[in-house]
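1. using only what follows, build the 3D model:
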Amino acid sequence: MSHARKAFHKRYLTITASAVVMAAVAAPAQAGPTPTVAEVAAKAETPSMFDDAAGGESSADDPAIWRDPNDPAKSLVLGTAKVGGLRVYDLAAHEVQSLPAPNAPSAEDKPGRINNVDVIDGANLAIATDRGRDKLVIYSIDRSRAEGPVKDVTAEKSAPYIFSADQDEVNKQATAYGLASWKDKKTGRIYAVVTQETANQVALLELTKEADGDYGYRKIRTIGFPTTFTLPNGKTWTPCEDPGEQPYLEGMRVDPANGMLYAGQEDVGVWRLRADLTGEPTLIDKVRDFGVPYTQDPATGECTPGEDPGFGGDHLTADVEGITLLDRTGGGGYVVVSSQGDSTFAMYDRDPAKGTPFVKSFRVVAGKGAVDGADGTDSLDIVNQSFGSAYPHGLAVIQDAPDTPTVTGDDGEPREGSNYKYVDLGDLSTATGLSFR
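-> Numbers count the residues shown, from 1 in each chain. Take a look at the predicted model:
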C-alpha cells in the first residue's frame, strides 16, 4: 500500500468509525443487524521471514498449494519471499527448500523479486512474477527430485520483459506484479494473466515449451482497467494514489470451469471478466471508500478524505488483495477475497448467472500454542481436496503480516516478520456454516 493510500485509509476509517458511533447513539432503534464475521483458528504456521540488516526485503507475500496426486500427504506449499526468492514448505509448515531470486543483470540493475506464484493444476508446474526484472519465472515440481522438489526451468532467452521496453524501464519498477494462470483443458495450452505495478495494465501471456524442456512465454494482448469512475450523483472519481500512479491490480484467479477471471483493483473493488481479456469487465463489488472525495497535498502526496457519499460496498476495506477460488465438491463454489484493511475475507458465490453475490466473511484467529491469526493479508490459496490425515477436508494457506510476536533485532529495534498460516478447510466449513461438499 502506498504512502498516500495508507494516510487516506487511516483517516477514512477514523471518520467512518466516528460516524457509525454517532449514528448508533442518535438512533439505536433503527440500526439494522451487523453482519457477523465468522472466526476460524489457524492450525499451523511457517517460520517467520524478516527484512535483512542491509535493508533488503525477504518477506512472505503469496502462497500456492501443490497437491501431490500420487501421495497427497507429501503435498507442498510454495510461498514467495520477494527478494528472498521462493520458499517451499511441507504440510507440517516446515521449510523443505529455498530458491533464490534471479540475479540482476548488473550491479546497477534491480535484482529479482518474486512477488506472486501460482500452481498449474495437472502440469506439475508453477509460475511466478519476478517484480524486480519484469519477467515470469517458471518452476517444475517433482517430489522425488533429490536436489529439491522445485526447480527453475525458465528459458531465459525466451523470457522477455512483460511491460518494459528495456532495462532502464525495468529499473523504474512499473513491472510484473499480480498473477493468475491456468491450463486450457481442450488445447493443453498454459496461460498467465499478469498485472503491472503502479499502472492499470494487465497482460495475457502463453507459455512456450523449448526443445530442452524449459519454458518461455509470449505476449498475446494487453488491456487497461478503468481509472476514473462516474458516480450515481454524476460526479467523476479517481482513487487516491501517489503522484504518477494509477489504481492498479494484484490479486487474481481464473475459474477454468467457465473461463472467467476475477481481478482485484486494490482501491476500487473486484472485477469479473473473460480470462482471455476480451469483452467488458464487470465490477462485482466495491471497496467501502469507493467514491469518497479527497484533497491531496501536492508536497507529500497525502490525501485527506471528505464526506462519504455512500457509494461504496459493505464487505471490502481497501486494499483488495489476494483472490482465490473455493471449489465445492458437487460443482460451483466461491470466490474468496482478502479485505486487507480490516483483516477479513469476503466470500462470493461464483456463479455468474447469479451475479456473484456476497455470501459470508471470515477472519483467521489464533490457534493452539504460539500460532497467531492472520492480519493484513496479501494473499491466500485454498484447495478443497483431502491431503491425508493432516488435512482430510482440504487446506487453506493464508499470508500474515505482521506476524506476532515481534522479534527484536541485534540493534534493539523491532523486526516486523511475516509468514503463512495453515487452516483446516473442515474448520472453515464449521465456522462459516457453509458446506463445501
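2. helix, strand or coil: sort out Tyr420 for me.
-> Following DSSP: H, G, I helix; E, B strand; the rest coil, Tyr420 is assigned to strand.
3. what is the burial count for it?
-> Number of residues near Tyr420 (other CB atoms under 10 Å) recorded here: 31. Quick note: C-beta positions are derived from backbone N, CA and C, even for glycine.
4. and for Gly79?
-> Residues lying near Gly79 (other CB under 10 Å) number 27.
5. try the one 3 residues further on
-> The number of residues packed around Lys82, counting by other CB under 10 Å, is 23.
6. is it true that it touches Val117?
-> No - between Lys82 and Val117 there is no contact under CB atoms under 8 Å: 11.3 Å.
7. so who does the residue sitting nearest the centre point of the chain touch?
-> By CA atoms, centre = their mean, the mean C-alpha position of the chain lies nearest to Gly322, the distance being 2.5 Å. The contact partners of Gly322, taken as CB atoms under 8 Å, 6 or more residues apart in numbering, are Asp62, Glu250, Gly251, Gly264, Val337, Ser338, Thr377, Asp378, Ser379, Leu380, Gln399.
8. which of those fall within helices?
-> If you go by DSSP state H, the contacts of Gly322 have nothing in helices.
9. which of the residues you listed fall within strands?
-> Here DSSP state E is the test, and those give Glu250, Gly251, Gly264, Val337, Ser338, Leu380, Gln399 as lying in strands.
10. hmm, the fourth one is touching Ile323, no?
-> Yes - distance between Val337 and Ile323: 5.3 Å, which falls inside the contact criterion (CB under 8 Å).
11. which residues do the two both contact?
-> Residues touching both Val337 and Ile323 (CB under 8 Å, 6+ apart) are Gly251, Tyr262, Gly264, Val270.
12. which of the residues you listed has the most neighbours?
-> Neighbour tally across the shared contacts of Val337 and Ile323 (other CB under 10 Å): the maximum, 30 neighbours, falls on Gly264.
13. specify the beta-bridge partners of that residue.
-> Note on Gly264: beta-bridge partners Val270, judged by DSSP bridges.
14. renumber starting at 33 from here on
-> New numbering, starting at 33: the last item is Gly296.
15. that one and Leu348, how far apart?
-> Using CB to CB, to the nearest Å, one obtains 9 Å as the distance from Gly296 to Leu348.
16. any shared contact partners between the two?
-> Shared contacts of Gly296 and Leu348 (CB under 8 Å, 6+ apart): Val302, Val369.
17. contacts only, for Asp359.
-> So Asp359 contacts Gly365, Asn416, Phe468 (CB under 8 Å, 6+ apart).
18. dump the residues you listed to a markdown table, plus neighbour count.
-> Below are the contacts of Asp359 laid out as a markdown table (neighbours: other CB atoms under 10 Å):
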| residue | neighbour count |
| --- | --- |
| Gly365 | 22 |
| Asn416 | 20 |
| Phe468 | 19 |
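19. so which of those residues are in helices?
-> Going by DSSP H, the helices hold none of the contacts of Asp359.
20. which parts of the stretch 233-382 of the chain are helices?
-> Ranges of helices in the stretch 233-382 of the chain, per DSSP state H, counting those that start in this stretch: none exist.
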